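J.: Sequence first, predicted model second:
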Amino acid sequence: MSSIIVTALRDLGVDARIGEIPGEYCPGEHSVNASGKRKLMGVGQRILLHAAHVGGVVVVGQSDRVRDVLIPVYEALDLEWDPATAGSVEDEVPGIEWDGAGEAILRRFADSYEMVEESLRPEILDRAHDLQAMHEVRVGPDLFK
């Protein structure tokens, strides 16, 4: 997954690399970073009997929001972290938006895997909207924009 993301981000003009950078949040050897300085994506994996899951979160924009959330968390947990290591694709390629980054990523996944477009069932989407509304009450609607 990291290699695919690195290739997609390079297509967009990012000096993307794989590897943990000193002081990054949620450190991992498969993290994707920009120029060896700012984390752009974390990767998580779980292996179970007869199943495996690999997932990642690419920060496309608003890296300041990532820092705003993580600063009090890392302080409360008394963990070392350098907020300057939290970045976004937009920090590296000003003006990039989610659609452009998403298209580049999907294009590179399609190079390696058969892609099938699916939609979530309406009841799942309804539940997601209910949960979003519940969280907006707690943290404010601006978090979801």
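T.: In hand now; what should we look at?
J.: how about the strands in this structure?
T.: Applying DSSP state E to the chain gives strands spanning 16-18, 32-34, 38-48, 51-58.
J.: Would you reformat the ones you listed as JSON lines and include mean pLDDT?
T.: Compiled in JSON lines, these are given as follows (pLDDT from 0 to 100):
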{"stretch": "strand 16-18", "mean pLDDT": "98"}
{"stretch": "strand 32-34", "mean pLDDT": "98"}
{"stretch": "strand 38-48", "mean pLDDT": "93"}
{"stretch": "strand 51-58", "mean pLDDT": "92"}
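J.: Pick the most deeply packed of these.
T.: Highest mean neighbour count among the strands of the chain (mean count of other Cβ atoms under 10 Å): strand 32-34, with a mean of 24. For glycine as for every other residue, the C-beta is placed from the backbone atoms N, C-alpha and C.
J.: Can you name the residues in contact with that strand?
T.: 2, 5-6, 9, 14-19, 21, 24, 39-41, 43, 56, 58, 87, 91-92 (Cβ atoms under 8 Å, 6 or more residues apart in numbering).
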